[in-house]
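Trainee: Turn this into a model:
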Amino acid sequence: MELRKKTYNAVLWSFIDRSGDQLLRFVVGVILARLLLPEHFGIIGMAYIVTEIARIFVQSGFGMALINNSKCNSTDESSVFFFNIIIGALLTLFVFILSPFIIYHCQELALVLRYLSFNILIGSFGTIQTVLLTKSINFKQQTKVSVLTTLVSGLFGVILAYLGFGVWSLVGQALLRSISYTTLMWLTYEWRPILKFSISSLSSMFKFGSMILLNSLFKLIFQNIYTILIGIYYSPAMLGIYTRAKQTQQLPVDTIWAILGRVIFPVISKIKNDNERIVSAIKDISNNIAFFVFPFLIIGMMVSDELFIIVFGSAWKPSIIYFKILCIGSIFYPLEYLKNNVLMAKGKTDVAFKINLIRNMLILITILIINKYGIKMMLIFNALISYLFFIVSSLFIKKYIGYTLYKQIKDVLPFVLCTLLAALNIFLIQKFTQINSIFFLFIVKLAIGLVSYLMACYFLKIKTLFDNLSLLFNLFKRQRLTI
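Mentor: All right, here's what the predicted structure looks like:
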């Protein structure tokens, strides 16, 4: 019962953290999209990939190993902390010196990468605090720090963009976010390292951590394979167009996954020897992911023609077709990623790695064959691969947990039907009505879609709807009592 209460509080604070953080990021992104050019976002997008790869090496999977290990001590934590800093310093130096050779075809991009490389070292000082808070399923502290740093760095980036700094406004925003997040973590969290560094401690976590490292590395590279290839074969402006579509599509997915995903691994790790409880947890989490992600993506796709023009401006109109394909292709991805996390929490990191390796190699082979047919065709094949590996990961969950593919599909099928009904109603409204105002058309389509979806869930008596309504009611009630 204590774990259930902690999980509830963790989900609540994770929701406040991620929804608040993503909302702030979205608002800042909209303002910056109006002030900057697509090529500015293309340049920063390519640089981010390099620094994110380096960041994964800094973490080295040891953070997840600490979360998974219920018997770790201060020596283990301090060893990981000092290791992160050593690797962070080396990688920062490496990227700073070699950036002109890594990005040889664009001098401005190489210079941007040099400055962003300092994020690698800065971030290494604050990683362990985030890990320990996550392990204790405590997201309240992270919420306060994350939202505040997003707000401050976002305002800083907007001011720089308004003053005409171009792509450097995005660089300044990223650096200030890292500095403020790390500083606030040290000021608000009481953990401090002890002066001990144990090779044997790191060695004991290496097997688990190394598989997490490889898994995370492959996942990051192949999640961004299109960004890499578009950056190589197309102009920065085209990369910026694709990046805007990708970031907008990821907004609901990343928000929902960030709310639930941070809770999943530590919770499953605590019950990893009880398959019956794991199945129950997977079902609840899958239903919540489907309840929010399915309508967000499909309704978002149906209103995207109006959404992009109203929010971002006509300069971003070419992003719409990419956004639509990405929405369709990523609908089952959070469920697939959930199952990979469950496998890792069960200690099957090698299985999760092999699944991702095969998936990513298939993506790479497909891209090499069809890249000459354009970005749209590459994204369509990526969608097909995503559907295939949703089934593959489900089969492995059946093998190790006992949760069959039939039951997994049956549990999320009602959400698919409700979402399709909402999409059909939006289509009929657009086809058989004449609304000249693009803003009014957007409002009508969005309202029809959301109302149709919620009514369908209500009439089908979908438990997840009533559970979330009850959660909101209890939250409101508790808030009133504290006033």
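
Trainee: can we go C-alpha only for contacts and neighbour counts from here?
Mentor: OK.

Trainee: shaky segments in the stretch 251-400 of the chain?
Mentor: 257-266 (pLDDT under 70).

Trainee: in it, which spans are strands?
Mentor: Taking DSSP state E, counting those that start in this stretch, the stretch 251-400 of the chain contains no strands at all.

Trainee: Over to the stretch 1-150 of the chain?
Mentor: Going by DSSP E, counting those that start in this stretch, the stretch 1-150 of the chain shows no strands.

Trainee: where do the helices sit along it?
Mentor: 2-35, 38-59, 62-68, 74-102, 107-116, 118-124, 127-135, 140-162 (DSSP state H, counting those that start in this stretch).

Trainee: among those, which gets the worst mean confidence?
Mentor: Lowest mean pLDDT within the helices of the stretch 1-150 of the chain: helix 2-35, a mean of 67.

Trainee: Following the record's annotation, map out the domains of the protein.
Mentor: Split into domains by automatic domain parsing, the chain comes to 1-223, 234-483.

Trainee: I'd like these written out as a markdown table, with mean neighbour count added.
Mentor: Output for the domains of the chain, formatted as a markdown table (neighbours: other Cα atoms under 10 Å):
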| stretch | mean neighbour count |
| --- | --- |
| domain 1-223 | 19 |
| domain 234-483 | 18 |
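
Trainee: Would you mind measuring the gap between the ends of stretch 193-205?
Mentor: Using Cα to Cα, to the nearest Å, the end-to-end distance of stretch 193-205 comes to 18 Å.

Trainee: gap between it and the chain center?
Mentor: 30 Å (Cα atoms, centre = their mean, to the nearest Å).

Trainee: Give the rounded mean pLDDT of it.
Mentor: Computed over stretch 193-205, the mean pLDDT rounds to 82.

Trainee: what's in contact with it?
Mentor: When contacts are defined by Cα atoms under 8 Å, 6 or more residues apart in numbering, stretch 193-205 is touched by residues 62, 65-66, 74-82.

Trainee: hmm, try it at 10 Å
Mentor: By Cα atoms under 10 Å, 6 or more residues apart in numbering, the surrounding residues in contact with stretch 193-205 are 61-66, 68-69, 72-83, 128, 206, 209.

Trainee: Also stretch 422-436?
Mentor: Here stretch 422-436 makes contact (Cα under 10 Å, 6+ apart) with 295, 298-303, 416-418, 420-421, 441-442, 444-456.

Trainee: Export the helices of the stretch 1-150 of the chain to a markdown table and append columns for distance to I230.
Mentor: Listed next are those as a markdown table, based on distance: least, Cα to Cα, whole Å:
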| stretch | distance to I230 |
| --- | --- |
| helix 2-35 | 20 |
| helix 38-59 | 9 |
| helix 62-68 | 32 |
| helix 74-102 | 16 |
| helix 107-116 | 15 |
| helix 118-124 | 24 |
| helix 127-135 | 31 |
| helix 140-162 | 25 |
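
Trainee: closest one to T255 among these?
Mentor: Among the helices of the stretch 1-150 of the chain, the nearest to T255 by Cα to Cα is helix 2-35 (5.7 Å).

Trainee: In contact with the closest residue to Y333 other than its chain neighbours, which residues are there?
Mentor: Leaving aside its chain neighbours, Y333 sits nearest to S386 (6.5 Å; criterion: Cα to Cα, 6 or more residues apart in numbering). S386 is in contact with 329-333, 336, 359, 363, 380, 392, counting by Cα under 10 Å, 6+ apart.

Trainee: Tell me the spacing between S386 and P414.
Mentor: Distance of S386 to P414, computed by Cα to Cα: 20 Å.

Trainee: now swap in S198 and tell me
Mentor: Shown here: S198 relative to P414, a distance of 52 Å by Cα to Cα.

Trainee: again, but for T433
Mentor: Noted for T433: a distance of 29 Å to P414, by Cα to Cα.

Trainee: and if you look at N73?
Mentor: Counting by Cα to Cα, the gap from N73 to P414 is 45 Å.

Trainee: any idea where the helices of the stretch 151-300 of the chain begin and end?
Mentor: In the stretch 151-300 of the chain, the segments counted as helices under DSSP H, counting those that start in this stretch are 167-188, 199-223, 225-233, 236-270, 275-302.

Trainee: and these as a markdown table, adding distance to G154?
Mentor: Below are these laid out as a markdown table (distance: least, Cα to Cα, whole Å):
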| stretch | distance to G154 |
| --- | --- |
| helix 167-188 | 6 |
| helix 199-223 | 24 |
| helix 225-233 | 23 |
| helix 236-270 | 16 |
| helix 275-302 | 24 |
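
Trainee: I370: which of those helices is closest?
Mentor: Judging these by Cα to Cα, what sits closest to I370 is helix 225-233, at 12.2 Å.

Trainee: Remind me what the closest one packs against, helices and strands.
Mentor: Judged by 3 or more Cα pairs under 10 Å, 6 or more residues apart in numbering; DSSP states H and E, helix 225-233 is in contact with helix 38-59, helix 199-223, helix 236-270, helix 349-370, helix 375-401.

Trainee: Could you rerun that using 7 Å?
Mentor: helix 38-59, helix 236-270 (3 or more Cα pairs under 7 Å, 6 or more residues apart in numbering; DSSP states H and E).

Trainee: Next, the angle from that helix to helix 38-59.
Mentor: For helix 225-233 against helix 38-59, the angle by axes from the mean of the first three to the mean of the last three Cα atoms, to 10 degrees is 130 degrees.
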